[in-house]
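Trainee: with the sequence up front, the predicted model follows.
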Amino acid sequence: MTSIRRIAVMTSGGDAPGMNPAVRAVVRTASAQGVEVYGIRQAYSGLLSGDFERMTNRDVSGIIQRGGTILQTARNQEFRTAQGQKRGLRRLNEHGIEGLVVIGGDGSLRGGLTLHQLGFPVIGVPGSIDNDIWGTDMSIGVDTSLNTILDAVDKLRDTASSHERCFLLEVMGRNCGYLATMGGILGGAEFILVPEFPTTLEQIGKALEDAYMKGKSHAMGVIAEGATPKIHEVAEYLESHDIGFEVRVTVLGHVVRGGKPSAFDRLLATRLGVRAVELLLAGESGKMVGLHGPDIGTVSLEDATTKQRAVGEEYVQMAEFLAK
Ligand code: F6P
């Protein structure tokens, strides 16, 4: 164990269900070692403005089941500049902070890597519904979001089959189609559309026409927001090419980011939060904790933020033959 007496924690980037249990685990693990914790409000924005707040075990009572993040979050541009980074370091020093846990997605973890490279101890925790972070099987929030998507798919299926309609459902995922792929496979969709594998309007039309000709009572397409073509283009194409089914569009948007964390996300967040503090107190830095099979392991923040993670083609193929 090192001599660290005071650490800080922030949640950054898009909020994800499970960030609160992660913060709770950080605070209580540190506290069990007699280490003080400060919460930094609104991520790097709060770091720059000095919005730090002492957090005790009581401050994280009753938050394990809450979605969002009690520390709030932000996407900050200023911290990307050298001047912003110096100011951030200065604020940490002013508050006597000796280590930082950053909970967030790839942009947030890149900020953590920068602080580490400037000599400040940082451990990253992957928190993003997109599941696009390299170095962890699952990020905090993914499981809950996927369950929200499946709930929507199941409900849409009820109305779709009642009217013999095709529903197009857009879910979050600007650069990564994990949620759309898994939501599509597990929701029994006729097609999925993800940024990693562009599809033509003709291919989509053909898949749906086949489904109609086979006698299916309804059809479903799950589309990631960053996919090509876009959901409205797909809808326009299908409406102007008689595919048999009537077409309706649903955009889930930020609904996918809300809700109380699932048991899986609470457990993952808790395990990652505990390990992050253990590593910081053991004098480690520049690492991200992650789920590696059944274990919590680590990768370098450098690898986590530079290596790409995308949906495997095998899943896209799986979605295709399972829909037949
Ligand atoms: O990175 C998480 C995410 O929810 C993406 O899926 C989505 O594209 C983006 O954030 C939306 O960001 P914002 O909440 O800033 O609109």
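Mentor: Looks like it arrived, so ask away.

Trainee: nearest residue to the residue of the chain positioned farthest from its centre other than its sequence neighbours?
Mentor: Residue farthest from the centre of the chain, counting by CA atoms, centre = their mean, is Met213 at 38.0 Å. Spatial nearest neighbour of Met213, chain neighbours left out: Gly244 (7.2 Å); criterion: CB to CB, 6 or more residues apart in numbering. In short, each C-beta sits where N, CA and C put it, glycine included.

Trainee: pretty sure that neighbour contacts Tyr212?
Mentor: Yes. Assessed by CB atoms under 8 Å, Gly244 is found in contact with Tyr212 at 3.1 Å.

Trainee: of these two, who's got more company?
Mentor: Between Gly244 and Tyr212, counting by other CB atoms under 10 Å, Tyr212 is the more crowded of the two (18 against 15).

Trainee: thought Leu89 was touching Leu118?
Mentor: Yes. Using CB under 8 Å, Leu89 is in contact with Leu118, at 5.9 Å.

Trainee: neighbour count winner among those two?
Mentor: A count of neighbours by other CB under 10 Å puts Leu89 above the other of Leu89 and Leu118, at 17 against 13.

Trainee: residue contacts, that one?
Mentor: By CB atoms under 8 Å, 6 or more residues apart in numbering, the contact set of Leu89 is 115, 118, 120.

Trainee: so the last one sits in a helix?
Mentor: No. Membership of Phe120 in a helix is not supported by DSSP: H, G, I helix; E, B strand; the rest coil, which gives coil.

Trainee: and it, how many neighbours does it have?
Mentor: Using other CB under 10 Å, Phe120 is surrounded by 20 other residues.

Trainee: ok, now the one 10 residues further on?
Mentor: Residues within reach of Asp130, counting by other CB under 10 Å, total 25.

Trainee: Gly297 looks like it's in a strand, true?
Mentor: Yes. Per three-state DSSP, Gly297 lies within a strand segment.

Trainee: that one pairs with what?
Mentor: Beta bridges link Gly297 to Gly290, judged by DSSP bridges.

Trainee: in three-state terms, label Ile149 for me.
Mentor: Under three-state DSSP, Ile149 falls in the helix class.

Trainee: no, scratch that, I was asking about Gly107
Mentor: Assignment for Gly107 (three-state DSSP): helix.

Trainee: what does the nearest residue to it once chain neighbours are set aside show for phi and psi?
Mentor: Closest residue to Gly107 apart from its sequence neighbours, by CB to CB, 6+ apart: Gly13 at 5.6 Å. Backbone torsions for Gly13, taken as degrees, to the nearest 10, come to phi 80, psi -160.

Trainee: ok, Gly13 - how many residues close by?
Mentor: Look at Gly13: counted by other CB under 10 Å, it has 24 neighbours.

Trainee: what residues go with each domain of this structure?
Mentor: 6-141+261-306, 142-258 (automatic domain parsing).

Trainee: as JSON lines, the ones you listed with mean pLDDT would be great.
Mentor: Output for the domains of the chain, formatted as JSON lines (pLDDT from 0 to 100):
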{"stretch": "domain 6-141+261-306", "mean pLDDT": "98"}
{"stretch": "domain 142-258", "mean pLDDT": "96"}
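
Trainee: turn the ones you listed into JSON lines, including distance to the ligand.
Mentor: Output for the domains of the chain, formatted as JSON lines (distance: least, CB to the nearest ligand atom, whole Å):
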{"stretch": "domain 6-141+261-306", "distance to the ligand": "3"}
{"stretch": "domain 142-258", "distance to the ligand": "3"}
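
Trainee: which residues in the protein form helices?
Mentor: For the chain, applying DSSP state H gives helices covering 19-32, 43-49, 82-94, 106-117, 142-163, 178-187, 201-213, 231-240, 263-281, 301-306, 313-322.

Trainee: output the contacting helices and strands for the first one.
Mentor: In other words, helix 19-32. Packing partners of helix 19-32 (3 or more CB pairs under 8 Å, 6 or more residues apart in numbering; DSSP states H and E): strand 6-12, strand 36-40, strand 99-104, helix 263-281.

Trainee: run through who's touching the second one.
Mentor: Counting by CB under 8 Å, 6+ apart, the neighbours of strand 36-40 from elsewhere in the structure are 5-10, 23, 26-27, 30-31, 46-47, 51-56, 59, 70-71, 95, 97.
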